[in-house]
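Undergrad: Here is my input, please return the structure:
(one chain, ligands or ions: 2)
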Amino acid sequence: MGPLRGDMLKKELGIFTFADLLNHFPNRHVDKTKVSKIREINLQTDYIQVAGTLIFFEVIGEQRGKRLVAQIKDDTGILELTWFQGINWVQKGLQEGSDYLVFGKPGFFNGKPQIVHPEIEIFVPAKAGGKAFLEPVYPSTEKLKARSLNGRQIGKLTYTLFTQLQAKDIDENLPPDIADRHQLMPRYEAYKSIHFPETIEAYHSAVKRLKFEELFIAQIRLNLVRLQRHQSSKGVVFSKVGNYFNDFYNLHLPFQLTNAQKRVLKEIRLDTAQGHQMNRLLQGDVGSGKTIVALLSMLLAADNGYQSCLMAPTEILAQQHFASLTALLKEMPIEIALLTGSTKVGQRRKILKGLAEDSIHFVVGTHAVIEDVVQFKNLGLAIVDEQHRFGVAQRAKLWSKASLPPHVLVMTATPIPRTLAMTAYGDLDYSVMDELPPGRIPITTVHRSETARYKVMEFIRTELTLGRQAYIIYPLIEESETLSYEDLMQGYEQVKSYFPEPRYSISMVHGRMPVDQKEVNMQRFVSGDTQIMVGTTVIEVGVNVPNASVMVIESAEKFGLSQLHQLRGRVGRGSEKSFCILLTGSKMSNEARERIHIMCATNDGFKIAEKDLELRGPGDIEGTRQSGALNFKLASIVNDKALLELAKYEAEKLLEEDIEISLAKNLLLKHYLQMQKGKTEWSKIS
Ligand code: ADP
Ligand code: MG
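TA: Ligands and ions are numbered 1, 2, ... in the order given. You can find the predicted model right below:
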């Protein structure tokens, strides 16, 4: 290939090497393995290849109507061919009486079969049976097409490459026992068959093999990171369960733990007793009771002589955590402190001193505050609430506060689909709470049109009369913040006209408000001073106002599923029946309709998360790590769930048996991993 086209290929498709070209997979194949008869063409025929004698051709029409028409004939009928472009060039290659092989998508004109712009070439008897493989068509770009590198022309390059390749050029990387168990074709064969399959079945087998390889290698890497941490990282040892934990558990725990809570505590207990650093992600649906798990873990730390910190994303949440932990611990000899941006200087000094001297056991605060200033005497456990991400840098800050790194427990804001968690967080240990405490009254969710707003407001009025509170949420879309800000203000005025002062009082929070005003308004709602909270999604995470029984979401079609679920999670937290009302306009996309439908159909955050993943794909899911972990070329965590499970299972089994990857059967894999080192995004993952 000349330098010009070579450069284009680099720029447009990132193809620099033979390996890149090999990994540029076709997006479809056309079947030229067969030569059909003209009589077989019918209205349903897709692409077809026929051979026949050229009996006639002529250029007809003028200017825009100018075209080249030709006819070929086999022993079953006549097919008309038409070209509107490249007439001169095509015409040069045509000769009456010669035999041609023709390929294209047929249509009918005046009841007669015809193909517009067919591919045409001189018929060579050797090709009488058609090509020996399905012809690949590759993704290309407009610029490449202009340089004669369209989807099929790229295939010519790949074909040439394959004529020079042998099986030894594409090393196997799967252990033979695994390949055998799942009938995966050899790597070379898979590459050959994904480009030039002899049959459609061979193509599918090739795709399966290569997808498995991708998922398997990813799982091996993620598990290696995790296992090596277990092996080589040193961590604080929580060797015993002592009085703090037991007294609280036996005397002050206000309810029975759910089985899920017990299981997760056990996982944490085992993990922290090993002498390596725990790095655990705890997933639980809204309301599944993560806070108490956090508290019991902190008591476990205290039993072993260590301090704990609990970090929340907002000041309100930190305050709420502090209040509920203080209440739960009021009979316990535990010192607990709240440290946020608004802690007064004198108080702050006292707290910092207490932490440095180890007279304070637990500190609750916002992420920033705890990370930046605090020096602990003896930090053993850091819990991060309502966040997926807790980056390397943040972790490092915590580590710098102690000689041994504290255990880290990250509690997520929203359930993550299992398959996504397996790939995006596979390097972390991971616990799931898929059970809600008993006795919850399920939230009823309904969809209403905006035209029914009056009725919805009247419904709110009856709930307020019963002494309850309500949220009314407006979408806030980043790009058009001004617009939604105006919407919000309008909405606020409207709500005020339904619920006039002084009979009613309303709080409002939104992203443009100064932080302290936001806090004040939020606090007024939390304390029951105001009955209605008008706001944007800034209220979405974690807030606990058990007396609120109605959640109205305006323009609900503009929200994503997980966001809707988070918002809905703000109600149904008390002993009263709660309602979520999704208001939408009448014009909705199908996808929006589907989202609303799912919200009305289920309260199960894990089901919603799966559906969200299906609708949006992994790239857009909130909190997803921007890492190589999800950039699969072929595999999809949405469509290849079963294969992913299989790859995970095999990867874990292999490492359990051979963590060094040094058994003879695994050497090809080891070699491959070493070759790939530094070539991928993987080095960036902590
Ligand atoms: P989340 O997982 O959303 O953070 P919380 O920890 O705030 O949930 O718990 C939600 C509510 O459920 C709290 O009022 C808490 O006291 C209560 N709760 C937690 N665990 C149980 C349980 N096992 N039985 C009954 N109520 C529980
Ligand atoms: Mg919580």
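
Undergrad: Distance check, the closest residue to residue 640 other than its chain neighbours against residue 25.
TA: Closest residue to residue 640 apart from its sequence neighbours, by C-beta to C-beta, 6 or more residues apart in numbering: residue 211 at 5.8 Å. C-beta here means a position set from N, CA and C on the backbone, and glycine is covered the same way. Using C-beta to C-beta, to the nearest Å, residue 211 is found at 11 Å from residue 25.

Undergrad: and stretch 550-567 with ligand 1, contact?
TA: No: in terms of C-beta under 6 Å from any ligand atom, no part of stretch 550-567 sits within range of ligand 1; the closest distance is 9.8 Å.

Undergrad: re the thing from before, give the residues shared as contacts by residue 211 and residue 25.
TA: residue 634 (C-beta atoms under 8 Å, 6 or more residues apart in numbering).

Undergrad: Mind checking which of the two has more residues around it?
TA: Using other C-beta atoms under 10 Å, the more surrounded residue of residue 211 and residue 25 is residue 211, with 22 against 17.

Undergrad: any idea which element that one lies in?
TA: helix 200-232 (DSSP states H and E).

Undergrad: packing partners for that helix?
TA: helix 187-195, helix 418-424, helix 641-657, helix 667-676 (3 or more C-beta pairs under 8 Å, 6 or more residues apart in numbering; DSSP states H and E).

Undergrad: heading toward the C-terminus, what's the first helix or strand past that helix?
TA: Beyond helix 200-232 toward the C-terminal end (DSSP H and E), the next one is helix 243-247.

Undergrad: what pLDDT, on average, does that next one get?
TA: The average pLDDT for helix 243-247 rounds to 97.

Undergrad: That one - contacts with which helices or strands?
TA: Under the contact criterion of 3+ C-beta pairs under 8 Å, 6+ apart, helix 243-247 touches helix 290-303.

Undergrad: Spell out which parts of the stretch 501-650 of the chain neighbour ligand 1.
TA: Within the stretch 501-650 of the chain, the positions lying close to ligand 1 (C-beta under 6 Å from any ligand atom) are residue 544.

Undergrad: can you give me the helices in the stretch 501-650 of the chain?
TA: Secondary structure of the stretch 501-650 of the chain (DSSP state H, counting those that start in this stretch): helices at 515-526, 561-568, 590-601, 605-616, 641-657.

Undergrad: Indicate which one of these is closest to residue 404.
TA: helix 641-657 (25.5 Å; C-beta to C-beta).

Undergrad: between that closest one and helix 667-676, how many degrees?
TA: 100 degrees (axes from the mean of the first three to the mean of the last three C-alpha atoms, to 10 degrees).

Undergrad: Go through helix 641-657 and list whatever outside residues touch any part of it.
TA: When contacts are defined by C-beta under 8 Å, 6+ apart, helix 641-657 is touched by residues 175, 178, 181-182, 208, 211-212, 215-216, 218-220, 223-224, 227, 419, 422-423, 426, 635, 637, 661, 663, 666, 669.

Undergrad: before we move on, the earlier item: format the helices of the stretch 501-650 of the chain as JSON lines; extra columns: mean neighbour count and mean pLDDT.
TA: Output for the helices of the stretch 501-650 of the chain, formatted as JSON lines (neighbours: other C-beta atoms under 10 Å; pLDDT from 0 to 100):
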{"stretch": "helix 515-526", "mean neighbour count": "18", "mean pLDDT": "86"}
{"stretch": "helix 561-568", "mean neighbour count": "24", "mean pLDDT": "89"}
{"stretch": "helix 590-601", "mean neighbour count": "16", "mean pLDDT": "95"}
{"stretch": "helix 605-616", "mean neighbour count": "20", "mean pLDDT": "87"}
{"stretch": "helix 641-657", "mean neighbour count": "17", "mean pLDDT": "94"}
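
Undergrad: got CSV for these, with distance to residue 240 too?
TA: Supplementary listing: the helices of the stretch 501-650 of the chain in CSV, determined by distance: least, C-beta to C-beta, whole Å:
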stretch, distance to residue 240
helix 515-526, 38
helix 561-568, 38
helix 590-601, 46
helix 605-616, 34
helix 641-657, 28
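
Undergrad: ok, residue 639 to ligand 1 distance?
TA: Distance, residue 639 to ligand 1, by C-beta to the nearest ligand atom, to the nearest Å: 31 Å.

Undergrad: try residue 381
TA: Distance of residue 381 to ligand 1, computed by C-beta to the nearest ligand atom: 17 Å.

Undergrad: List the contacts of whatever residue of the chain ends up closest to ligand 1.
TA: In the chain, the residue that lies nearest ligand 1 is residue 289 (2.8 Å; C-beta to the nearest ligand atom). Counting by C-beta under 8 Å, 6+ apart, residue 289 makes contact with 257-258, 261, 433, 436-437.

Undergrad: report the longest strand in this protein, please.
TA: strand 48-60 (DSSP state E).

Undergrad: Please list the outside residues in contact with that strand.
TA: Here strand 48-60 makes contact (C-beta under 8 Å, 6+ apart) with 31-32, 34-38, 40-41, 66-74, 78-79, 87, 91, 94-106, 123, 128, 130.

Undergrad: where's residue 184 relative to residue 196, distance?
TA: Taking C-beta to C-beta, one finds residue 184 at 19 Å from residue 196.

Undergrad: can you list the weak-confidence ranges in the stretch 401-550 of the chain?
TA: Within the stretch 401-550 of the chain, the segments meeting pLDDT under 70 span 401-402, 413, 477-483, 539-542.
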